[in-house]
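A.B. asks: A predicted structure for the sequence below; I have some questions about it.
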Amino acid sequence: MLIIVHGGICVEEIPDVFEPLYRACLTGMNVLQEKNAVDAVEEAVKVLEDDPRLNAGTGAFPNLLGEVELSASIMKDDLSCGGVAAIKNVRHPISVARAVMERTRHILLVGEGANLFARLLGFEEYNPVAELTVRTLKKSIERASQERDSIYHYYLKRARERLRRLHLGTVGAVALDASGHIAAGTSTGGIEMQLPGRVGDSPIIGCGTFAWEWGGVSMTGEGEGIVTLGLARKIAEWMEKMSAQEAVNQGMELARRFGVVCGAIAVRKTGEIGFGECGGRLTFGYFTEGMESPRVFPPSS
Ligand code: ASP
């Protein structure tokens with residue numbers, strides 16, 4: 001049994017997210033004692049979604065117009081999967097993604113359709129805007145109150161600038177349970193100043209999240225690059241022939257070739273973990289059977 005979680009990749013200064021990562025590992029491992037990998041992933045991601053320091057659920061970044069649009073996906077090693085993109089006003093997008101996986105014939109619901117689905121299934125209306133986000137993203141939020149067209153023009157002027165200062169802060173988890181099953185999940189508010197309706201890699205199966213019989217992967221980083229390279233699927237597939245660490249390393253090598261800032265966590269069915277980063281620092285933690293307590297990077301300051 002094991003669980004590995006991440007709290008996103010940071011491009012400049014590394015935020016102190018030790019505590020939520022530690023708690024997510026503990027929660028995941030507790031769940032694994034009684035339940036399965038998908039339960040552990042969901043519960044660990046919920047812990048991270050609830051923490052305002054991370055860009056998922058509560059504390060997620062608002063888009064260019066100041067609205068929070070959330071995305072998440074989850075997948076099991078039998079290839080069942082589900083996701084939501086640009087959903088609003090839910091506390092735990094990962095749970096809605098799981099409901100898409102378990103209660104529909106679809107794998108991805110977006111925008112209004114995802115909102116409606118969540119409401120009809122009884123997910124309560126919830127405002128994910130955190131005070132901390134309002135403080136740290138003050139400038140962007142002020143800008144969002146300007147007239148819409150001028151915000152779009154502002155965006156278009158800066159659209160090609162690469163992200164260099166953000167803690168991207170997406171969250172994810174991959175777990176292996178006692179019966180040898182693997183699940184992976186990812187949840188995000190996207191990237192700062194994204195256009196309304198933008199969808200990154202996190203809710204897309206094979207891009208931000210992938211699991212199959214050989215292993216599972218959750219990604220973070222520049223969604224557009226991750227989608228283009230189909231990174232989660234590639235890393236997961238490579239685990240058939242190589243260790244989790246080698247597969248992640250190969251994924252990061254590919255990302256480096258194309259200048260994609262990203263990070264990955266992976267679990268192989270043989271019980272190994274892998275983690276890696278390209279162009280930034282990954283915040284992550286893991287807890288495996290036999291360890292007394294979770295290990296988190298960077299360690300608490
Ligand atoms: N991958 C996410 C996205 O592009 C951002 C992140 O990982 O922080 O939406």
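C.D. replies: Arrived safely, thanks for sending.
A.B. asks: contacting residues around the nearest residue to Phe123 once chain neighbours are set aside?
C.D. replies: With CB to CB, 6 or more residues apart in numbering as the criterion, Phe123 has its nearest non-adjacent residue at 5.2 Å, and that residue is Val90. In this view, the C-beta of every residue, glycine as well, is placed from N, C-alpha and C. Val90 is in contact with Leu70, Val96, Asn115, Ala118, Phe123, Glu124, Tyr126, Pro128, counting by CB atoms under 8 Å, 6 or more residues apart in numbering.
A.B. asks: hmm, 10 Å instead?
C.D. replies: By CB atoms under 10 Å, 6 or more residues apart in numbering, the contact set of Val90 is 49, 57, 70, 72, 84, 96, 114-115, 118-119, 123-126, 128.
A.B. asks: ditto for Ala247
C.D. replies: 214-215, 217, 234-241, 264, 266, 268, 272, 274, 276.
A.B. asks: can you check Ala85 too?
C.D. replies: 69-73, 93, 97, 108-111, 113-114, 188, 190, 197-200, 202-204.
A.B. asks: if we go to 6 Å?
C.D. replies: Ser71, Val110, Val199, Pro203 (CB atoms under 6 Å, 6 or more residues apart in numbering).
A.B. asks: Which strand or helix spans the first one?
C.D. replies: Following DSSP states H and E, one finds Ser71 within strand 70-76.
A.B. asks: Determine how far that strand lies from the middle of the whole chain.
C.D. replies: 8 Å (CA atoms, centre = their mean, to the nearest Å).
A.B. asks: so for the helix or strand following it, what's the average pLDDT?
C.D. replies: Per DSSP H and E, the first helix or strand lying C-terminal to strand 70-76 is strand 81-87. Strand 81-87 shows a mean pLDDT of 98.
A.B. asks: which helices and strands sit right next to the helix or strand following strand 81-87?
C.D. replies: Remark: after strand 81-87, the chain's next helix or strand is helix 93-103, criterion DSSP H and E. When contacts are defined as 3 or more CB pairs under 6 Å, 6 or more residues apart in numbering; DSSP states H and E, helix 93-103 packs onto helix 37-49, strand 70-76, strand 81-87, strand 182-188.
A.B. asks: what would these look like in TSV with distance to the ligand?
C.D. replies: Output for these, formatted as TSV (distance: least, CB to the nearest ligand atom, whole Å):
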stretch	distance to the ligand
helix 37-49	12
strand 70-76	7
strand 81-87	10
strand 182-188	5
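A.B. asks: Would you mind finding the most buried of those?
C.D. replies: strand 182-188 (a mean of 34; mean count of other CB atoms under 10 Å).
A.B. asks: end-to-end on stretch 101-108?
C.D. replies: With CA to CA, to the nearest Å as the measure, the ends of stretch 101-108 fall 9 Å from one another.
A.B. asks: Would you mark the buried spots in it?
C.D. replies: Going by neighbour count (16 or more other CB atoms under 10 Å), the buried part of stretch 101-108 is Met101, Ile107, Leu108.
A.B. asks: cool, and stretch 228-242?
C.D. replies: So for stretch 228-242, counting by 16+ other CB under 10 Å, buried means Leu229, Gly230, Leu231, Ala232, Arg233, Lys234, Ile235, Ala236, Glu237, Trp238, Met239.
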